[in-house]
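>>> Okay, predicted coordinates and the sequence, questions at the end:
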Amino acid sequence: MAKFDPAQYVREVRQEVGRVTWPSRKETLITTGLVLALSAVAAVFFLVVDQIIAFAMRWLFGVGA
């Protein structure tokens, strides 16, 4: 079994990080905005669906607040 060399590990990690293509500040802000906007849209969608289901339950069975 190969012996673990911490110094070699750190060198390999630094080399790999150098190969990474990092997003620009603009790309990061745009994707963050999209995530927040789509999360808000999903929240509103599920709120509406929940209200429709609650209304249907009250109408059909007369239960629910």
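Perfect, thanks for sending it.

>>> switch to C-alpha atoms for all contacts and neighbour counts from now on
Will do.

>>> list the buried ones in the host helix or strand of Leu38?
Taking DSSP states H and E as the criterion, the element that holds Leu38 is helix 25-61. By neighbour count, with 16 or more other C-alpha atoms under 10 Å as the criterion, the buried positions of helix 25-61 are Phe55.

>>> Show me what that helix packs onto, helices and strands only.
Counting contacts by 3 or more C-alpha pairs under 8 Å, 6 or more residues apart in numbering; DSSP states H and E, helix 25-61 packs against no other helix or strand.

>>> Distance from the chain centre to that helix, please.
Averaged C-alpha coordinates place helix 25-61 at 14 Å from its chain's average position (C-alpha atoms, centre = their mean, to the nearest Å).

>>> Over to stretch 21-39?
Going by C-alpha atoms, centre = their mean, the spacing between the C-alpha centre of stretch 21-39 and its chain's C-alpha centre is 11 Å.

>>> Name the surrounding residues that touch that stretch.
For stretch 21-39, there are no external contacting residues (C-alpha atoms under 8 Å, 6 or more residues apart in numbering).

>>> pLDDT of that stretch, averaged?
Across stretch 21-39, the average pLDDT comes to 97.
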